[in-house]
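> task: produce atomic coordinates for the following.
(2 chains)
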Amino acid sequence: DTGVSQDPRHKITKRGQNVTFRCDPISEHNRLYWYRQTLGQGPEFLTYFQNEAQLEKSRLLSDRFSAERPKGSFSTLEIQRTEQGDSAMYLCASSLATGGPDTQYFGPGTRLTVL
Amino acid sequence: AQSVTQPDIHITVSEGASLELRCNYSYGATPYLFWYVQSPGQGLQLLLKYFSGDTLVQGIKGFEAEFKRSQSSFNLRKPSVHWSDAAEYFCAVGAGYGGATNKLIFGTGTLLAVQP
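Numbering: from 1, shown residues only, chains lettered A, B, ... in the order given. So this is what the prediction gives:
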């Protein structure tokens, strides 16, 4: 049973560039979550999908951020016109939601540095 | 508003000593509670969770946590700490509706150092 995988693990970009991250969830999981973690803080919720539907977006997710899960499997998170404040660890998690509380399993994260 | 407080930013314990990490939550409905551990530069690993039932829950690596509704707490404990337990520990509450956890709200974490 493979866990959640994320690619790339590290990304360095210049301010103003666009970046895209990929997340592959645990295969049978129907929910996929994105979080952002800055230094010294706990992860903060960005958005989540149930299958291919994006059901909730945080106010943290500005117009420069977009996430997709086109076939209900992997997901991408794109940041346009990156800013230095976007530097953070971006974490993906997945879960199997069956009507009750679900348990989220996290990937290793993508560390973004904006110069 | 929903929130999680971890009062201790940094804790140092000696190897073999007992450990208790504090977590307090604020949540209007039945809380679903989690502890995760994060090693440097890594993702989060689930240690244990509480959904309902027995308020003392056992997790991996010898950790346990006790849910106390009257104190709005979910403290993590381990009777004897190993050097490999050095990491950052996060408490989280599952927020959602209809009995589902649509997102996790995390505390700011407690960084654990272990002295030989």
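> wait, a strand at B:L48?
Yes - counting by DSSP: H, G, I helix; E, B strand; the rest coil, B:L48 is found in a strand.
> what about the chain, any weak spots by pLDDT?
Went with chain A since none was named. Along chain A, segments meeting pLDDT under 70 span A:1.
> meant chain B actually
B:97-100.
> just the strands in it please.
B:3-5, B:10-14, B:19-21, B:24-26, B:32-38, B:44-50, B:56-58, B:64-68, B:73-78, B:87-95, B:103-106, B:110-115 (DSSP state E).
> mind checking which of these is nearest A:E68?
Closest approach to A:E68 among those (C-beta to C-beta): strand B:103-106, 18.4 Å. For the C-beta atoms, the positions are set from N, CA and C on the backbone; glycine is no exception.
> within range of chain B, give me the residues from chain A.
A:4, A:6, A:33, A:35, A:40-45, A:48, A:55-56, A:91, A:93, A:95, A:97, A:99-109, A:111 (C-beta under 8 Å from any C-beta of the partner chain).
> and the residue nearest to B:G28 when sequence neighbours are not counted, what is it in contact with?
Taking C-beta to C-beta, 6 or more residues apart in numbering or on different chains, and ignoring the residues beside it in sequence, B:G28 has B:Q2 as its nearest neighbour in space, at 7.6 Å. Residues in contact with B:Q2 (C-beta atoms under 8 Å, 6 or more residues apart in numbering or on different chains) are B:25-28, B:93, B:95, B:105.
> need the max-distance pair from these.
Checking the contacts of B:Q2 with C-beta to C-beta, the most distant pair is B:G28 and B:I105, at 12.4 Å.
> and B:A65, how many neighbours?
26 (other C-beta atoms under 10 Å in any protein chain shown).
> my error: substitute A:Y35 in the last question.
So A:Y35, with other C-beta under 10 Å, has 27 neighbours.
> next up, the contacts around B:G107.
A:42, B:4-6, B:23, B:90-92.
> between the residues you listed, which is nearest A:K71?
Looking across those and measuring by C-beta to C-beta, the closest to A:K71 is B:A92, at 28.9 Å.
> doesn't A:G42 make contact with the closest one?
Yes - contact between B:A92 and A:G42 holds when scored by C-beta atoms under 8 Å: they sit 7.5 Å apart.
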